[in-house]
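[1] structure for the following, please:
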Amino acid sequence: MANSSNSQRLQNQIALVTGGSSGIGAGVAKAMAAEGATVIVNYAHSAEEAAAVVADIKKAGGRAVAIQADVSKEDEVLHMFDQIREQFQTLHILVNNSGIQQDSPFLEMSLEKWQKVIDVNLTGQFLCAREAAREFVRRGPQPEVSKATGKIICMSSVHEVIPWAGHVNYATSKGGIMQLMKSMAQELAPQRIRVNSIGPGAIATPINLSARDTPEEERNLLTLIPYGRIGDPADIGMVAVWLASDEADYVTGTTIFADGGMTLYPGFADNG
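    Residues are numbered from 1 along each chain as shown. Predicted coordinates for the structure are as follows:
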């Protein structure tokens, strides 16, 4: 992803993007690399996809490496942060992006499906954020690099506020992320650590392909989006870059919804 503006808002910063091998994570990783960050592309299983994202970043003149870790497993998260310190000495930005869906009607949802989604989407964000915050505090401020001591961006969803029948585990994980983010932001602000979330709406990624794989399904999806288009991972990447930059230095404890207006509840536009 070339950066036409030639700005380097994240120069000299090390950024970890969990689940960075595809979809929104890949879009965020490329956007941050284009702004000068050295990006760690975390992946759980897809080494080939992670390598492709790293190759794209390097081809565009950026810096990136791939590191494997299942964010739901504490030992793997700890090992990943050890590797980051060994290779880069520290970390400045965490994008807590790893997430999965395992959908089921509520009456048929197994404990296994419930637990797996909570483990990856919510516990994974807790584990990575805790280790990132510990590293930020250990390192201390670097005002020549960033006004904030560290930045944590949690990838949430419009479903932190919009209920979603048939996806109770996913919606619950995102509602949990909202309070995780706000509580961390409140506690870590005195250390000059900023914590925010991005709440994407419908973005063209593999996770929601089944909701838009026919023209009819895509039309139905667009009825939920007042702005009239499905988002692209680059839309989220640009929001993440801004949140991680000094331009957003006075922003902490908030969710920015990048959703084409989905949280405006368009069903009420004509029926209020």
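[2] how close does residue 242 sit to residue 235?
    12 Å (Cβ to Cβ, to the nearest Å). Where C-beta positions appear, they are placed from N, C-alpha and C, glycine not excepted.
[3] can you pick out the residue with more neighbours from these two?
    Comparing residue 242 with residue 235 by other Cβ atoms under 10 Å, the one with more neighbours is residue 235, at 21 against 15.
[4] so that one sits against residue 202, correct?
    No. Residue 235 is beyond contact range of residue 202, at 10.8 Å (criterion: Cβ atoms under 8 Å).
[5] out of the helices and strands in this structure, which is least certain?
    helix 215-222 (a mean of 88; mean pLDDT, DSSP states H and E).
[6] run the chain-centre distance for the longest helix along the chain.
    If you go by DSSP state H, the chain has its longest helix at helix 168-188. Relative to its parent chain, helix 168-188 has a centroid offset of 13 Å by Cα atoms, centre = their mean, to the nearest Å.
[7] and what of stretch 61-74?
    13 Å.
[8] list the buried residues of that stretch.
    62, 64, 65, 66, 67, 68, 69, 70, 71, 72, 73 (16 or more other Cβ atoms under 10 Å).
[9] any chance of these in TSV with distance to residue 97 and pLDDT as columns?
    As requested, the buried residues of stretch 61-74 are exported to TSV (distance: Cβ to Cβ, whole Å; pLDDT from 0 to 100):
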residue	distance to residue 97	pLDDT
62	18	98
64	15	98
65	16	98
66	14	98
67	14	98
68	15	98
69	13	98
70	14	98
71	9	98
72	14	98
73	17	98
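[10] could you list which of these belong to strands?
    64, 65, 66, 67, 68 (DSSP state E).
[11] which other residues reach stretch 239-249?
    9-10, 13, 15, 28, 31-32, 35, 37, 93, 95, 146-148, 151, 153, 194, 196, 198, 251, 256, 258 (Cβ atoms under 8 Å, 6 or more residues apart in numbering).
[12] all helices for the stretch 101-250 of the chain, in order.
    111-118, 124-139, 168-188, 215-222, 233-244 (DSSP state H, counting those that start in this stretch).
[13] least reliable of those helices going by mean pLDDT?
    Ranked by mean pLDDT, the helices of the stretch 101-250 of the chain end with helix 215-222 at the bottom, a mean of 88.
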